[in-house]
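> coords below, sequence missing:
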């Protein structure tokens, strides 16, 4: 089995079977990163451009390591040190880079739809590493992978996703991913950051975090951006934290064995208490570790092709 | 030389006519209208199996000249109008510099006299520099030939300024047209706010932003006893406001665009910037409400909001691309195919919306009707002819149309302005 599209633009367009394929493929890559020699020749001779228009620590390094551990050549491109600062458009930038014959372009960009836009004129495989508020598919995949490691099955698994849903690409990708895998998903946040229209995603909406947490098997927190306060999405950090911050007392309301996740970077003491972030229930660093395996799987499935060597 | 338009199905709701007649034209005017006119030494146009309607009037176009001639000029916009079946177009003042003084109004008119193939009527600014702070010299602008006042594209945020504009324009012939948008609600948005905007991750422009301003304008117009025309009405609530106001005899009129009648926000799925305009494409519920409003007379006029943009400006990330689409060359086919052939409105109602009503609202006595003494501005429609919209055929300098590739039934085949055939274009 293989992926239907040559690109990975989002989770919404994936079939559940394709999501499962990526998760299964990641299984075989997870072990590579624990070896002494963390490298296999799978993508030898392939060139990948890591094109980041927005600041990023984990996604960018994760994709870079994933590519390197598969022996691909990686070109890192950041907006600040490129001709973009001279006013070059996204299209011209991509056409210029494409003239150097890369095989794949991984793009992180602040505009929703930018990854899709690339596919309208690009030859290479396009991998969306986060487009505006729209999707961040590899984050949702690594989250699903991490949940699967812990909970085995998604069926009737109660997942609570809490925070700034409105502005979160991680939330959108996770909504699609978890629904497709059969989880029971509740979104939580103040109505300003979780408009009622989100109910049309076929998820539960709960504005009371304590109620949302009852019986939860998985608690996924989202980063709250402080600039949202200026647009009156919430009145103060103090109040946000009181209503939607994850504390040990709140975790205690969830099901026995509940796990805590966060895509990072975290605001310690704001949306998540330090002791929760560092607790045994927290999978935050495991998410990061799994991210490399998931991205190796995605690169392999898109670029590996039928003629490439085995996983190794 | 006289012209005889023979054997056409003349459709003129303003005169209550829908029958096969001949039209005799002399010196730019219609001189006779009856079956089987016999006359010698005349240029004859065979209109058999065609509809002959009063030339269409587009109250809302952007011609970009002066200042942005790379997007459109008065000439190319007028050629696009002629090809699209429009004999009169009203150009919005958001040029560079804006039409906020009589010099620019006169420039528009003199360029139009020299280069345009259809009638071009300037709409002047409400406020100096379209800044929404101080009134432009409205009486001067009226004297120079402005037919209406609007800060289109930039809604008049300040209610006092809008009140003053409505009051000050009372004794003048031009009236106020408002682009209704409460910017504090919509300023970061790039599409209609709703489930689609949440799905696509594009910041939304709520329906309330439009409805609030429509309600405000109606309240202010009612208080002043003034006329107000609502540009490109697009949401259900705004239609309800206008319908209620008309029932109270408030002097409000409203227009809708073809694209708001046939497209919804779901079209943004591919982030195609040719579907990005302001007001944005709305929900299915809004489209249904708008079609009701077109049927029941709440909407008086269909206008295109023809807004040409350079390819390089539109070919960008969705949120960086400017708002606006072209419309002059697709409107009539879209309306014939999607409204008339689909039996949403009869042909006569379409002619009312595109000719009779705009002429009445603008106070253009010789236009919007067919009869002795009227201007010889006519459009000939072939209702059965099927076309495919091809960007390469556009006369507009710009190509930013959401309808490229559409197969449509019904199209203008000839446009006559002041007794002169301006489309099909004369071979040079």
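Nice, I can see it. Predicted model, so just to flag it, every value in this text is computed and none were measured. Numbering: from 1, shown residues only, chains lettered A, B, ... in the order given.
> chain neighbours aside, what residue packs nearest to residue A:167?
Counting by CB to CB, 6 or more residues apart in numbering or on different chains, residue A:167 lies nearest to residue A:133, which is 5.5 Å off, once chain neighbours are set aside. Every C-beta, even on glycine, is put in place using the N, C-alpha and C of the backbone.
> and the one you found, how far from residue B:193?
13 Å (CB to CB, to the nearest Å).
> quick one, strands of the stretch 1-150 of chain A?
In the stretch 1-150 of chain A, the strands defined using DSSP state E, counting those that start in this stretch lie at A:47-52, A:73-78, A:104-109, A:125-131.
> any low-confidence regions in the chain?
All of this is about chain A. A:305-312 (pLDDT under 70).
> could you do chain B instead?
Using pLDDT under 70, chain B drops low at B:428.
> contact residues of it facing chain A?
Proximity of chain B to chain A is confined to B:194-195, B:198-203, B:270-271, B:312, B:315-320 under the rule CB under 8 Å from any CB of the partner chain.
> dihedrals phi and psi, residue B:22?
phi -100, psi 150 (degrees, to the nearest 10).
> I figured it was touching residue B:4, is that so?
Yes - here residue B:22 reaches residue B:4: they are 6.0 Å apart, a contact under CB atoms under 8 Å.
> among the residues of chain B next to chain A, name the ones in helices.
B:195, B:198-200, B:312 (DSSP state H).
> rewinding a little: overlap of the contact sets of residue B:22 and residue B:4?
With contacts defined as CB atoms under 8 Å, 6 or more residues apart in numbering or on different chains, the residues shared by residue B:22 and residue B:4 are residue B:37.
> what residues are up against the residue located most distally from the centre of chain B?
For chain B, the largest distance from the centre (CA atoms, centre = their mean) belongs to residue B:40, which lies 38.1 Å off. Not one residue lies near residue B:40 by CB under 8 Å, 6+ apart.
> again, but for the one 3 residues further on
For residue B:43, the contact set (CB under 8 Å, 6+ apart) comprises B:1-4.
> any idea how far residue B:81 lies from chain A?
According to CB to the nearest CB, to the nearest Å, residue B:81 and chain A sit 31 Å apart.
> can you confirm that residue is in a strand?
No - counting by DSSP: H, G, I helix; E, B strand; the rest coil, residue B:81 is not part of a strand but helix.
> doesn't residue B:89 make contact with it?
Yes - the criterion here is CB under 8 Å, and residue B:81 meets it with residue B:89 at 4.9 Å.
> before we move on, back to that, okay, now the residue nearest to residue A:167: neighbour count?
Residue A:133 has 23 neighbours, counted by other CB atoms under 10 Å in any protein chain shown.
> doesn't residue A:173 make contact with it?
No - with contact defined as CB under 8 Å, residue A:133 does not reach residue A:173; the gap is 10.9 Å.
> what about the closest residue in space to residue B:377 that isn't next to it in sequence, neighbour count?
Nearest residue to residue B:377 in three dimensions, chain neighbours excluded: residue B:55, at 3.4 Å (CB to CB, 6+ apart). Around residue B:55 there are 30 other residues, counting by other CB under 10 Å.
> again, but for residue A:192
There are 14 residues near residue A:192, going by other CB under 10 Å.
> what sits against the residue in the stretch 101-250 of chain B that chain A sits nearest to?
Closest contact between the stretch 101-250 of chain B and chain A, by CB to the nearest CB, is at residue B:201 (3.1 Å). Residue B:201 makes contacts with A:112-113, A:131-135, A:169, A:172, as judged by CB under 8 Å, 6+ apart.
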